[in-house]
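S.K.: fold the following.
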Amino acid sequence: MAADPKQLKIVKNLNSRGIAFAIDRVPKTNRVFYGSSDFKVYELDVGAKKPDSKALEGAGHQSYVTCVVLAGKSIVTGSYDCQLVWWDAGTKKQVRAVKDAHAKRIRRLAASPDGLIVASVSDDMDVKLWDVATGKLKATLKDHKPMTPHHYPSMLYAVAFSHDGKLLATADKVGHIVVWDVATAKKVKSLEAPVMYTWDPRQRRHSIGGIRSVAFSGDDRLLAVGGIGKIGNIDHLGGPSRIEIFDWKAGKRLHQIEDGKFKGLVEQISFHPDGNWFVVAGGDHNGFISIYETKSGKLIKQEKAPMHVHQFVVNEDHDTIFAVGHQKVVTWEMKVPEPKKKPAEKKPAEKKPAKKKKG
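M.R.: As a prediction, this is how the structure comes out:
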């Protein structure tokens, strides 16, 4: 069934165990895995009559589980404890842990389309490529600076593979974006989105913001990044949600989109496969989900979310969104309404011939 972004609506609103930071979905099902603030990884069948979150078995993590990806028959998770943990997607049991996978908090993971490689990014500012089958480190990519221009520690938040799996995009706190060649582990292009970084020299000498999400369009021609615009109150996420779209090969910025109605961070971006529109979600203390037209940058549909959305995944038909955030697992649909069936026409009742009177 075709997707229609104008039909966006919530169809399920479930409670999560703790704050849910990350989500991925088993293909062609309503089953998802999510990582939580209680240090655990959960499986949840959203389509069940009585959905219930079940924790995966194993030693797991010792801090917030900030990233979850499915890669082939494996689930790979990352955490503020600097570990990467492998789980068997069939048995739901832990099979491997890589301690000290990074020197600082792991922020996000991405799995290659073929499920053979997982990329991780961390506050140590390294980008690492891992072999899913063995858990061995394949390459470490370095280009993101450890310190901001104001001499404070930077952070590396966002990572995404291209749809053909040949490229990887990463983006950091100060708005520095890098496109990498996966096979050679070499930098192909760098871009800048400095508006997403705020420095306050007066109130608290504090920096905040940064790019929190990155995504390639379906044809891999465009690259979108999401975050927040200039922040007026650094003690809150008091700035407009912000998206920038680039023709990355040409190094040309095509759109700068800011939304002052729904403020906060754009935590996730996903393009429709045909490239005509894209979905973003995030929040501050509240949450939002918005859909924009790619060519014009115009808003198509927007809704308040029941929580700050940390991450979402979209199904194969791109008509259903599964999202997680503060204490919630929420499902939105964008399905084209089925045409109403016309009531069957009633046939006129046949008149029975009048009975002849007996003479």
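
S.K.: beyond whatever helix or strand residue 300 lives in, next helix or strand please.
M.R.: Assessed by DSSP states H and E, residue 300 sits inside strand 299-305. Beyond strand 299-305 on the C-terminal side, the first helix or strand identified by DSSP H and E is strand 309-314.

S.K.: that next one: what's the following helix or strand?
M.R.: Where DSSP H and E defines the elements, the next helix or strand beyond strand 309-314 is strand 320-325.

S.K.: residues contacting that next one, please?
M.R.: Strand 320-325 is touched from outside by 16, 19-23, 25, 30, 32, 34, 46, 268, 279, 281, 283, 287, 289, 305, 307-315, 329-335, with contacts defined as CB atoms under 8 Å, 6 or more residues apart in numbering. In this view, the C-beta of every residue, glycine as well, is placed from N, C-alpha and C.

S.K.: neighbours of residue 163, just the number please.
M.R.: Neighbourhood size, residue 163 [other CB atoms under 10 Å]: 16.

S.K.: next up, the contacts around it.
M.R.: Residue 163 sits next to 113, 216, 218-220 when contact means CB under 8 Å, 6+ apart.

S.K.: quick check: which element contains the residue nearest to residue 189 when sequence neighbours are not counted?
M.R.: Residue nearest to residue 189 in three dimensions, not counting chain neighbours: residue 179, with 4.3 Å by CB to CB, 6 or more residues apart in numbering. Of the helices and strands defined by DSSP H and E, residue 179 is found in strand 176-181.

S.K.: so what strands line up beside that strand?
M.R.: Neighbouring strands of strand 176-181 in its sheet, by DSSP bridges, are strand 167-172 (antiparallel), strand 186-192 (antiparallel).

S.K.: where in this protein is pLDDT low?
M.R.: Applying pLDDT under 70 to the chain picks out residues 1, 202-206, 233-237, 342, 344-359.

S.K.: that one: helices as residue ranges?
M.R.: According to DSSP state H, the chain carries no segments that qualify as helices.

S.K.: buried set for the lengthiest strand in it?
M.R.: Longest strand in the chain, counting residues (DSSP state E): strand 252-263. Residues of strand 252-263 classed as buried: 255, 257, 259, 262-263 (neighbour count, 16 or more other CB atoms under 10 Å).

S.K.: residue 76: what's it in contact with?
M.R.: Listed by CB under 8 Å, 6+ apart, the contact partners of residue 76 are 68-69, 84-87, 109, 111, 118, 130, 132.

S.K.: now residue 115: closest residue in space that isn't a chain neighbour?
M.R.: Distance criterion CB to CB, 6+ apart; nearest residue to residue 115, sequence neighbours excluded, is residue 72 at 3.6 Å.

S.K.: pretty sure that neighbour sits against residue 132.
M.R.: Yes. Residue 72 is in contact with residue 132 according to CB atoms under 8 Å; the separation is 6.1 Å.

S.K.: quick check: neighbours shared by these two?
M.R.: By CB under 8 Å, 6+ apart, the residues touching both residue 72 and residue 132 are 115-116.

S.K.: ok, those two, which is more surrounded?
M.R.: Shown here are residue 72 and residue 132; by other CB under 10 Å, residue 132 has more neighbours (21 against 14).

S.K.: save the buried residues of strand 252-263 as CSV, and put in distance to residue 183 too.
M.R.: Output for these, formatted as CSV (distance: CB to CB, whole Å):
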residue, distance to residue 183
255, 30
257, 33
259, 37
262, 39
263, 40
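
S.K.: show me which of the residues you listed is closest to residue 231.
M.R.: Among these, residue 263 lies closest to residue 231 (CB to CB), at 9.2 Å.

S.K.: OK, contacts around that closest one?
M.R.: For residue 263, the contact set (CB under 8 Å, 6+ apart) comprises 228, 237-241, 284.

S.K.: next one: it from residue 160, what distance?
M.R.: Distance, residue 263 to residue 160, using CB to CB, to the nearest Å: 24 Å.

S.K.: same question, residue 215
M.R.: The value you get for residue 215 to residue 160, if CB to CB is used, is 5 Å.

S.K.: and for residue 151?
M.R.: Per CB to CB, residue 151 is found 29 Å from residue 160.

S.K.: look at the two and report which has more neighbours.
M.R.: residue 160 (22 against 7).

S.K.: ok so, going back, could you report the distance from the residue nearest to residue 115 to residue 30?
M.R.: Residue 72 is 20 Å from residue 30, by CB to CB.

S.K.: equivalent analysis for residue 179, please.
M.R.: 34 Å.

S.K.: comparing the two, which residue is more hemmed in?
M.R.: In this view residue 179 and residue 30 are compared by other CB under 10 Å, and residue 179 has more residues nearby, 21 against 17.

S.K.: correct me, but the more buried one touches residue 171?
M.R.: No. Assessed by CB under 8 Å, residue 179 is found out of contact with residue 171, at 10.0 Å.

S.K.: ok, and the closest non-adjacent residue to residue 246?
M.R.: residue 223 (4.9 Å).

S.K.: for the one you found, what are its contacts?
M.R.: 169, 177, 179, 191, 214-217, 245-246, 248.

S.K.: which residues touch residue 37?
M.R.: Residue 37 is in contact with 18-21, 64-65, counting by CB under 8 Å, 6+ apart.

S.K.: make it 7 Å
M.R.: 18-19, 21, 64 (CB atoms under 7 Å, 6 or more residues apart in numbering).

S.K.: just residue 255 next, same as before
M.R.: With CB under 7 Å, 6+ apart, residue 255 has these contacts: 244-245, 297.

S.K.: so which of those residues belong to strands?
M.R.: 244-245.

S.K.: neighbour count and distance to residue 10 added to the contacts of residue 255, as JSON lines?
M.R.: Below are these laid out as JSON lines (neighbours: other CB atoms under 10 Å; distance: CB to CB, whole Å):
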{"residue": "244", "neighbour count": "24", "distance to residue 10": "28"}
{"residue": "245", "neighbour count": "24", "distance to residue 10": "27"}
{"residue": "297", "neighbour count": "13", "distance to residue 10": "25"}
